[in-house]
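Visitor: model this:
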Amino acid sequence: MTLRINGFSGMDIDSMVKELMTAKRAPLDKLNQQKTYLSWQRDSYREMNSKVFAFKTKLSATDLFGKTSNMTAQTAVVDGNKDAIKAEASANASSVPMSVTVKKLATKATVQSTGEIDIKNSSGSTPTKASLNTTIGELSGYVAATDPAPTDDKPETFQIKVNDIEFNFSTKDTISNVLSKINNSSANVVAAFDEVSGKFSITAKDYGTEKKVSISESDYGNTGTKTSSLLGLLNLKGATVQDGENGEVEINTLNSSGTVIGTNPFTTTDNTLKVNGISLTLLKNGIYSSYRNDNYRYNQGC
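Guide: Numbering: from 1, shown residues only. The predicted structure follows:
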């Protein structure tokens, strides 16, 4: 709505009022401009702060020379059979290329049933393989002792040793119970039963020639009244223990043209070793040529 004042001939009152209001609004416009500028400045500071924090994170492992593990990261590259050997480079890994020949993998000592473990079958039909829930008294070949004869309250017991650790079982124990007692002991072995093949096995936890597996059973005083043995029921009696072996590997260092300039044999008890700052994991016998070490540096583009 326009307000007009009569009596002032020749004067543009509307323009005069607009100019007065513009002059009065100038300080407010200036403040709004400053507010916009400060808002832009705040956003710039936030962006800069985020970049500084990200950079600080990258430098969290700064060494005495101001370098970081990200800036001096090493990668190991394997040419050849990549499924058979694994290589990981440390920060101080050598850049000298190598070829690796795995002569022999380290193995674990083990002993396995000589035949399938079955359940007693009085009908004469095809034998049924034992399962984890089969009790010792249900195993094929079990014949109860005669003196004293076992009862429900006092079942027949067996005593075996695995790596000189003594275990006691009764005919009411299942194969699963046998596994649990052995595996939860200090015998340093892993007992297993394969329900597909029907075989029981005992394997050392660690690789190498020094890790043994020995099994034996009590003679029960040579009374002659005990006709069954637990090792016999599990088809472990007379089974051959396969000793563990150390791994053997030959490593050659190469020059830039791939010519061998140095050779050294190594042994390993667990299929791993570290050479020139490179951690090698051996997975399969054979020749894997060659290994090289790639060094890259971190750089953020602007």
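Visitor: could you use CA atoms for every contact and neighbour count after this?
Guide: Fine.
Visitor: so which residues of the stretch 201-302 of the chain form helices?
Guide: For the stretch 201-302 of the chain, applying DSSP state H, counting those that start in this stretch gives helices covering 230-233.
Visitor: and the stretch 51-200 of the chain, by the same measure?
Guide: Counting by DSSP H, counting those that start in this stretch, the helices of the stretch 51-200 of the chain are 175-183.
Visitor: where does pLDDT dip in it?
Guide: Residues of the stretch 51-200 of the chain that meet the criterion pLDDT under 70 lie in 58-83, 122-125.
Visitor: how near is Lys24 to Lys199?
Guide: Using Cα to Cα, to the nearest Å, Lys24 is found at 100 Å from Lys199.
Visitor: now do the strands in the stretch 151-300 of the chain.
Guide: Secondary structure of the stretch 151-300 of the chain by DSSP state E, counting those that start in this stretch: the strands cover 157-162, 165-170, 189-194, 199-204, 215-217, 247-254, 260-268, 272-275, 278-282, 286-295.
Visitor: surely Lys86 is in contact with Lys274?
Guide: No - the criterion here is Cα atoms under 8 Å, and Lys86 misses it with Lys274 at 11.5 Å.
Visitor: tell me which element Asp29 is part of?
Guide: In the assignment (DSSP states H and E), Asp29 maps to helix 13-58.
Visitor: follow-up on the earlier one: which of the strands of the stretch 151-300 of the chain sits closest to Leu132?
Guide: The minimum distance between Leu132 and these falls on strand 189-194, with 7.3 Å, by Cα to Cα.
Visitor: who touches the closest one?
Guide: 132, 175, 179, 182-183, 199-205, 213 (Cα atoms under 8 Å, 6 or more residues apart in numbering).
Visitor: and those as a markdown table, adding neighbour count?
Guide: Putting the contacts of strand 189-194 into a markdown table (neighbours: other Cα atoms under 10 Å) gives the following:
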| residue | neighbour count |
| --- | --- |
| Leu132 | 16 |
| Ile175 | 20 |
| Leu179 | 18 |
| Ile182 | 21 |
| Asn183 | 16 |
| Lys199 | 22 |
| Phe200 | 22 |
| Ser201 | 18 |
| Ile202 | 24 |
| Thr203 | 24 |
| Ala204 | 23 |
| Lys205 | 16 |
| Val213 | 23 |
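Visitor: and those residues, which is closest to Thr157?
Guide: Nearest to Thr157 among the contacts of strand 189-194, with distances taken as Cα to Cα, is Ile175, at 14.1 Å.
Visitor: next up, the contacts around that closest one.
Guide: Ser131, Leu132, Asn133, Thr134, Thr135, Ile136, Phe193.
Visitor: let's see 6 Å
Guide: If you count contacts by Cα atoms under 6 Å, 6 or more residues apart in numbering, Ile175 has them with Leu132.
Visitor: how near is it to Leu233?
Guide: Distance check for Ile175 against Leu233: by Cα to Cα, it reads 11 Å.
Visitor: run a quick neighbour tally on Ser185.
Guide: 14 (other Cα atoms under 10 Å).
Visitor: for it, which non-adjacent residue is closest in space?
Guide: Ile165 (8.0 Å; Cα to Cα, 6 or more residues apart in numbering).
Visitor: Glu116 too?
Guide: In space, Glu116 is closest to Gly198, 4.8 Å off (Cα to Cα, 6+ apart).
Visitor: next, give phi and psi for the one you found.
Guide: Backbone torsions of Gly198, given as degrees, to the nearest 10, read phi 70, psi 30.
Visitor: thought it was touching Ile119?
Guide: No - with contact defined as Cα atoms under 6 Å, Gly198 does not reach Ile119; the gap is 10.4 Å.
Visitor: many thanks, we can stop here.
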